[in-house]
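Predicted model and sequence follow; I will ask about them next.
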Amino acid sequence: MAGNRKNNNKGLMTLLFVLIAILLILLIVLMLVIFMDRYQKGQTAHVVSPAPTVTDVIKDGNSTNTPSPTKGSDKPNKDNDEKKATPTPTNTPIPTDTPTPTPAFSLDTGFGRAVNEAASAQYDEWKAGKDNVKAEFYDNGYYVSVLLTTGNDAGSDYPMTFVKETGEQLGIKDFVRESYLAVIKERLQKYVLTVDDVFKDSEFIKYQTPYKASDYNFFYMKDGKLFFYFPKNTLTEGQPAFYYECDLNDATPYLFVNTAGEKVGQHIRMDLDPSKPMVAFTYDDGPRASVENHFFDLIEKYNARFTFFSVGNRFSTTGTWTNYMTCLKELSEAGCEISSHTYSHDQYGYYRETKDSTGKVTSTFFNKEANFKIFWQEINKNTEIIASTTGCAPEFIRMPGGCYADYMVNVPMPMVNWSVSTEDWQYHGKQIKLDEWSGAEEGRQKVYEALMNVKDGDIVLMHSIYLYTYEATEKAMEELSAQGYQFVNLSELFYYKGLKVENGKLYNKGRE
């Protein structure tokens, strides 16, 4: 009897274990079903290949009819002593004053929690009402790009770009200098008609219509390319959605921070003494290496930096202005700023000067499309030349003769004139050889006297094509240095004097 009870108990225990195992298996299966259902509702793909097709692609001046897709927001980091930089954008599409809500659906970008949360917040809002949503993620070194597309609506793509480490989403003005957008605008004016005749009479292709940064807020990077996305009807009524493709190397000189996380341009030293006087020596009308090569001695001797406003048609490997690009690149690498003085120094194509009864000079613009075209070509062409020569887009521009008119508010750089003019141009003769200037001795003395009258925060106008100007600079710097002056470029002057300069506005000095 005792044996039968033991056998019965053993059978009951075995049956109990079997039932428990079956229940556990059913529970696991149920949990998997629920998880997969929620996952499929949240997103349909992690990375989808191939990439979506574009209605029309324009490739930097060469239009193609390759089938391809068809909406969804500046300042650089100032510390030039550190190569790695985290930009501090002024316009970002993600609010910073309120916490980001927990998204209903999550994207796993593969690039960490910060990017996942930032991208998911945008994805959650954009996804509403859309089917067949696809997400692609692209590693661009310092940046991550996300491209959201749908299978049923080719006009609702949403490209985004984030800082990989912080998850910060970038608007276009946080990412690239606006001078590049003006360049792209001009390229689009030349080729956008190949997309559709709808552009034929639109304001977008007219030179009188300035670039608008908001037109370029949809962008992403992939495989060494930068893509600007223009949703349908955003540039003109009836316009199809299209992408404009650029080589990322072409855009890099205009970025605030490149894909390696290194700051581009805006040379600012962080070890200057703000309690000591500062002066910015600026030089127009170069390049002229036979003069500008001497400035390396002053850079080393006085820890000085200078700003050169250069003329683009003098960037040449032949003729009178020979092999000057190397000198400018080396000056830029030494911390000087190479800024724009337009391409040809010819202001007469787009404005004229008139005098009133009191003798006051006024600049008047010829309000015609042809003059606008010349105006923008003078700016954009020089911007491209300086960017490609030095690897840094120009930070500032000075118009020929220091002209400033109301229509120039659209210029994509701060405009800088001067508070002190040495008038060094008055003393040169007609000889091209620098050792034969007829007024060299007088010029040296007059420039030196002007420089000895500078004050803290002054911006000084000179020209880097006269050897006597350099010689006067050298003599004056010895005495000014003994007075405690620091010789700075324009970015440093504005930074240390607390002036936040803006594109299209005119500045004459580095003090209030």
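It's in.

Can you tell me the element E449 falls in?
Using DSSP states H and E, the element containing E449 is helix 440-451.

What's the mean pLDDT across that helix?
Averaged across helix 440-451, pLDDT comes to 91.

centre of the chain versus the next helix or strand after that helix, how much separation?
Downstream of helix 440-451, the first helix or strand assigned by DSSP H and E is strand 459-463. A distance of 27 Å separates the centroid of the chain from that of strand 459-463, by CA atoms, centre = their mean, to the nearest Å.

Neighbouring strands of strand 459-463 in the sheet, and parallel or not?
strand 278-286 (parallel), strand 420-421 (parallel) (DSSP bridges).

quick one: the helix or strand following that strand to strand 459-463, angle?
Next along the chain after strand 459-463, taking DSSP H and E as the criterion, comes helix 467-482. Angle of helix 467-482 versus strand 459-463, following axes from the mean of the first three to the mean of the last three CA atoms, to 10 degrees, is 150 degrees.

what does the helix or strand just after helix 467-482 contact?
Counting by DSSP H and E, the next helix or strand C-terminal to helix 467-482 is strand 486-487. The contact list for strand 486-487 (CB atoms under 8 Å, 6 or more residues apart in numbering) reads 272-273, 276-281, 298, 302-306, 477, 480-481. Placement of C-beta: from N, CA and C, glycine included.

which of these count as buried?
Buried subset of the contacts of strand 486-487 (neighbour count, 16 or more other CB atoms under 10 Å): 272, 278-281, 298, 302, 304-306, 477, 480-481.

Closest to T259 out of those residues?
R305 (26.9 Å; CB to CB).

related to what we said a few turns ago, buried ones in the helix holding E449?
440, 443-444, 446-448, 450-451.

Rounded mean pLDDT for stretch 111-130, please.
The average pLDDT within stretch 111-130 is 88.

and that stretch, how far from the chain's centre?
Using CA atoms, centre = their mean, the offset of stretch 111-130 from its chain centre is 25 Å.

Which parts of the stretch 151-300 of the chain are strands?
Secondary structure of the stretch 151-300 of the chain by DSSP state E, counting those that start in this stretch: the strands cover 158-163, 219-222, 225-230, 242-247, 278-286.

any chance of the ones you listed in JSON lines, plus distance to L27?
Shown next, in JSON lines, are these (distance: least, CB to CB, whole Å):
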{"stretch": "strand 158-163", "distance to L27": "39"}
{"stretch": "strand 219-222", "distance to L27": "43"}
{"stretch": "strand 225-230", "distance to L27": "47"}
{"stretch": "strand 242-247", "distance to L27": "49"}
{"stretch": "strand 278-286", "distance to L27": "73"}
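
Mean neighbour count, the ones you listed: which tops it?
strand 278-286 (a mean of 25; mean count of other CB atoms under 10 Å).

Hey, what's the angle from that one to helix 440-451? Just curious.
Using the same axes, to 10 degrees, the direction of strand 278-286 lies 140 degrees away from that of helix 440-451.

Let me see the mean pLDDT of strand 278-286.
The average pLDDT within strand 278-286 is 96.

Can you dump the C-alpha atoms of stretch 290-303 in PDB for me?
What follows is stretch 290-303, C-alpha atoms only, in PDB (Å, rounded to 0.1, in the frame of the first residue of the first chain):
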ATOM      1  CA  SER A 290      55.600  90.100 -52.400                       C
ATOM      2  CA  VAL A 291      54.200  92.300 -49.700                       C
ATOM      3  CA  GLU A 292      52.000  89.900 -47.700                       C
ATOM      4  CA  ASN A 293      54.800  87.400 -47.200                       C
ATOM      5  CA  HIS A 294      56.500  89.900 -44.900                       C
ATOM      6  CA  PHE A 295      53.600  89.700 -42.400                       C
ATOM      7  CA  PHE A 296      54.700  86.300 -41.100                       C
ATOM      8  CA  ASP A 297      57.600  88.100 -39.400                       C
ATOM      9  CA  LEU A 298      55.100  90.400 -37.500                       C
ATOM     10  CA  ILE A 299      52.900  87.400 -36.700                       C
ATOM     11  CA  GLU A 300      55.800  85.700 -35.000                       C
ATOM     12  CA  LYS A 301      57.400  88.800 -33.300                       C
ATOM     13  CA  TYR A 302      54.200  90.300 -31.800                       C
ATOM     14  CA  ASN A 303      51.900  87.300 -31.700                       C
END
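
And the average pLDDT for that stretch is what?
96.

Could you do stretch 214-222 as well?
96.

What lies in contact with that stretch?
Identification of contacts with stretch 214-222 by CB under 8 Å, 6+ apart yields 51, 71-73, 138, 140, 143, 145-147, 157-161, 171-172, 175, 181, 184, 226-231, 234-235, 248, 259.

What are the boundaries of the helices in the stretch 251-400 of the chain?
Counting by DSSP state H, counting those that start in this stretch, one finds helices in the stretch 251-400 of the chain at the ranges 289-292, 295-302, 325-333, 369-390.

roughly how far is the last one from the heart of the chain?
In other words, helix 369-390. Distance, centroid of helix 369-390 to centroid of chain: 16 Å (CA atoms, centre = their mean).

can you check stretch 460-470 too?
30 Å.

what does that stretch contact?
279-288, 290-292, 294-295, 308, 402, 417-422, 424-425, 427-428, 434-435, 437, 439-441, 443-444, 447, 450-451, 454, 473.

quick revisit: nearest to F494, out of the helices of the stretch 251-400 of the chain?
So among the helices of the stretch 251-400 of the chain, helix 325-333 is nearest, using CB to CB, at 18.0 Å.

and that closest one, which residues are buried?
325, 327-329, 331-332.

for that helix, packing partners?
Helix 325-333 sits against helix 289-292, helix 295-302, strand 307-310, strand 337-340, helix 369-390, with contacts defined as 3 or more CB pairs under 8 Å, 6 or more residues apart in numbering; DSSP states H and E.
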